[in-house]
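> Here is my input; please provide its structure:
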Amino acid sequence: MGEIEQRPTPGSRLGAPENSGISTLERGQKPPPTPSGKLVSIKIQMLDDTQEAFEVPQRAPGKVLLDAVCNHLNLVEGDYFGLEFPDHKKITVWLDLLKPIVKQIRRPKHVVVKFVVKFFPPDHTQLQEELTRYLFALQVKQDLAQGRLTCNDTSAALLISHIVQSEIGDFDEALDREHLAKNKYIPQQDALEDKIVEFHHNHIGQTPAESDFQLLEIARRLEMYGIRLHPAKDREGTKINLAVANTGILVFQGFTKINAFNWAKVRKLSFKRKRFLIKLRPDANSAYQDTLEFLMASRDFCKSFWKICVEHHAFFRLFEEPKPKPKPVLFSRGSSFRFSGRTQKQVLDYVKEGGHKKVQFERKHSKIHSIRSLASQPTELNSEVLEQSQQSTSLTFGEGAESPGGQSCRRGKEPKVSAGEPGSHPSPAPRRSPAGSLTGSPHLSELSVNSQGGVAPANVTLSPNLSPDTKQASPLISPLLNDQACPRTDDEDEGRRKRFPTDKAYFIAKEVSTTERTYLKDLEVITSWFQSTVSKEDAMPEALKSLIFPNFEPLHKFHTNFLKEIEQRLALWEGRSNAQIRDYQRIGDVMLKNIQGMKHLAAHLWKHSEALEALENGIKSSRRLENFCRDFELQKVCYLPLNTFLLRPLHRLMHYKQVLERLCKHHPPSHADFRDCRAALAEITEMVAQLHGTMIKMENFQKLHELKKDLIGIDNLVVPGREFIRLGSLSKLSGKGLQQRMFFLFNDVLLYTSRGLTASNQFKVHGQLPLYGMTIEESEDEWGVPHCLTLRGQRQSIIVAASSRSEMEKWVEDIQMAIDLAEKSSSPAPEFLASSPPDNKSPDEATAADQESEDDLSASRTSLERQAPHRGNTMVHVCWHRNTSVSMVDFSIAVENQLSGNLLRKFKNSNGWQKLWVVFTNFCLFFYKSHQDNHPLASLPLLGYSLTIPSESENIQKDYVFKLHFKSHVYYFRAESEYTFERWMEVIRSATSSASRPHVLSHKESLVY
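Predicted structure coming up:
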């Protein structure tokens, strides 16, 4: 095989060992460009049980992440390995190397992806690198501990004896027994201890590398070596297990192999719904082909196993990577999945050619040193010291990775340079993972780099799309934000700010305080304002009252005390008392104490999803309750949809987790606050994991009900199994030309609507396109319209145009994914939208009918008398006016990116700065005079806005200033410190980029419930 082309890496420029990675490129090929855009941090659990954090572009394919891990490990033979994770149905699946990561891993921050061995070769001597054999040995060790690698007692004792030899060295009975008492390598290990010690005595003088080799020699002869069982049933209904290996497909009953189908005998593998089919080649003694059928638990289980079989067959049997299938012009049939990567033959050829350098590494668990170890000092024996010294790495890929907040925003200073910049030097400070716990492989580097080798530009303009409706005044411009006569304050706080602590940990703790204030105000919307209004009017059933308010009042009381403790600690930290300041320059102990106390309130947190469902069901069944809640939402204090406040406690848990991750990343392990921060992070991570599934379900449920209020002409939008994917503005091509329409994409249907001409400002449904059987194709050349798409349903076709290329690509990806989800149902979706017009017309007739009925609002079964005042600044209206779109991924990210605090604001043509309390949530900035105010003075929706740093010509002679502008509207905001500046830039970019930057966000995995 030809020599593999390598791109220079920051590591190579800094003198690190050269690394060939796992590239599958032939001679002369260039790697595909890494998608730019928003980065997502993904935690990878390595085989040595450490965790590493990798940052990759959200739209990057899975191969980018796998390449990053292998490059990070300096792993040449990375093709034997893969990344596995639990999907939304808790099914463990392999990361598809060709699909975008964001479409596979729903919530990257809460999912730990495991780096494990995927392909087990028949002979371990085919593994050329010592590092590869070491990782295989770690996999065997894991399989033993988890009970996957079953064997008799003698084999188990022999395997463990080689593991002990590689970890502690030559035989010493007292040391052996002490080591075995601390480390459990297999269930019921105590009964084997004497045998293990006896076998270990025979390995004197054996190096760790030799122990790995002997371990694999024994393991490969075991029947369950490399086997992952997949439950199934045969035609008679007998429970069996299927597995795939390098030789073919295996059938087990329990842990006993009862049949095997070698690849040479298999003619075709396929699946149909839950049935897995193996078509065998004709036997020499018979003239017919035999087809075997196995029934699996679900279609997803079946497809997952089929994919694994396809990959094993390709890796072990083919000479080179299979060519991709040509895309069908109109209709696609069957799965387009294919194996991606080098085959085993290509890996062996490449290693034999010697097109790589030997890599060095250090064994995490070994107390003796390999000849090729990098370590020059003895490893610490104290496990606690070792735990605290573990460090992780955050790798960055793609241009645009470095945020403007990461560069110096002070005038007259040079911007900070990424470690990837030629001539730059890596920071000597160690970097820890967000988890802040045991998160580092000793053989991994500690550079945070831009893989493109340069600093991303800070001043990236995110130009909005102009709305075609220029006559009507937009309701999105707040009077306060355009009032030049507002009183202003300038720099009276400047001297006081400079006297405050400058440690980053102080500003992280201050963020806890400011966001806690906002959270308490949000709780008061329910416990005080809503409860008070309910008590005045007998509109809510007692059962519903007892479900909502008793589960919120304990939280409000608890967090009131929590806030007091935080503010007292900040006062001590700032030196506003006579206490010893150094003793109180920490926040971890306060966080740990209160998070542990929060666990006692878990029963109330579990009730919040039930309360949300009960409230929506009550609104559906009671017109009086519906009117009551609608009227309450029109009050100024209810600045968000009412049902959003019911989910606030669940969202707050994620905010605590993010803050603690930043603290653990900031503090060195020797810091006095590190232990408490790490313990608090472990506690809150456990709580988030327990409530994670409920949170995903409720977010989709809440979003469907929120959209329901913006639509007329639809009866039952909220049905079990329906998932919201994307909403946004597209132009629909008809006989009258391009006309703006609002589209709503779900996992089973695509709705298109127009804006109503009533006081409610709702959107009237014009039609629906079931996604089952739909095809999508670009048709710019056919119609002569830029960014044009043709959507062909079974009964209707429509032509739509997006406002930009990036918008079109977002819609294409999400619609295609939604079509795939609809196809999984294996049958057309029922007519959920009873009030929508019939679709049994030809495309031309449908277009004409759509135009004729455009203003016929009385066609809806929802009468005009029932329509009530409706706010015109909901997300649907923002997308309509800004001519953009937003997805469920964007909403989920917005939930995690919430911030509040004081900012100084300045207009384009004004001189003074006005101090405001600002809350960022739900893609919007809300402005208050102070944090004590009960309702905002104004709001600024950010979709479509550009976020930049002021240029020299704008003459803003201040530090930590960022700029927001849309059309002629320009606002400058000034933060108090570099940390708060970076945080505001980070969270605001999450809102502005979703509308304006290409290839940033896309729909996550399906969230069926």
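> so where is the stretch 151-300 of the chain shaky, pLDDT-wise?
284-289 (pLDDT under 70).
> Could you count how many residues lie near the residue nearest to Gly773 when sequence neighbours are not counted?
Leaving aside its sequence neighbours, Gly773 sits nearest to Gln794 (CB to CB, 6 or more residues apart in numbering; 4.5 Å). The C-beta positions use only the backbone N, C-alpha and C, and glycine is treated the same way. By other CB atoms under 10 Å, 14 other residues sit near Gln794.
> And Tyr960, by the same measure?
Applying other CB under 10 Å, we find 22 residues neighbouring Tyr960.
> Any chance of the backbone angles for the nearest residue in space to it that is not next to it in sequence?
Nearest in space to Tyr960, with sequence neighbours left out and distances taken as CB to CB, 6+ apart, is Phe981 at 3.9 Å. The phi/psi pair for Phe981 (degrees, to the nearest 10) reads phi -60, psi -50.
> My guess is Phe981 contacts Ala975. True?
Yes - proximity of Phe981 to Ala975 meets the contact threshold set by CB atoms under 8 Å, at 4.0 Å.
> okay, and the common contacts of those two?
Residues touching both Phe981 and Ala975 (CB atoms under 8 Å, 6 or more residues apart in numbering) are 960, 962.
> if you count residues, which helix in the protein comes out on top?
For the chain, the helix with the greatest residue count under DSSP state H is helix 674-710.
> helices or strands up against that helix?
Using 3 or more CB pairs under 8 Å, 6 or more residues apart in numbering; DSSP states H and E, the elements in contact with helix 674-710 are helix 588-598, helix 602-621, helix 642-666, strand 724-734, helix 875-882, helix 888-896.
> quick revisit: SS state for the residue nearest to Gly773?
With DSSP: H, G, I helix; E, B strand; the rest coil as the basis, Gln794 sits in coil.
> I'd like to check which residues are in contact with it.
770, 772-774, 828.
> Only whichever of those residues are buried, select them in PyMOL.
For the buried members of the contacts of Gln794, the matching PyMOL selection, counting by 16 or more other CB atoms under 10 Å, is:
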select buried, resi 770+772+774
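> got the contacts of Gln794 as a markdown table, with distance to Gln142, secondary structure and pLDDT columns?
Below are the contacts of Gln794 laid out as a markdown table (distance: CB to CB, whole Å; DSSP: H, G, I helix; E, B strand; the rest coil; pLDDT from 0 to 100):
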| residue | distance to Gln142 | secondary structure | pLDDT |
| --- | --- | --- | --- |
| Pro770 | 46 | strand | 90 |
| Tyr772 | 42 | coil | 87 |
| Gly773 | 44 | coil | 86 |
| Met774 | 44 | coil | 89 |
| Pro828 | 45 | coil | 49 |
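> So which residues of the stretch 1-150 of the chain form strands?
39-45, 51-57, 81-86, 92-94, 112-117 (DSSP state E, counting those that start in this stretch).
> May I see those strands arranged in CSV, with distance to Lys703 as well?
Formatted as CSV, the strands of the stretch 1-150 of the chain follow (distance: least, CB to CB, whole Å):
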stretch, distance to Lys703
strand 39-45, 21
strand 51-57, 25
strand 81-86, 23
strand 92-94, 25
strand 112-117, 26
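> Perfect, I'm done here.
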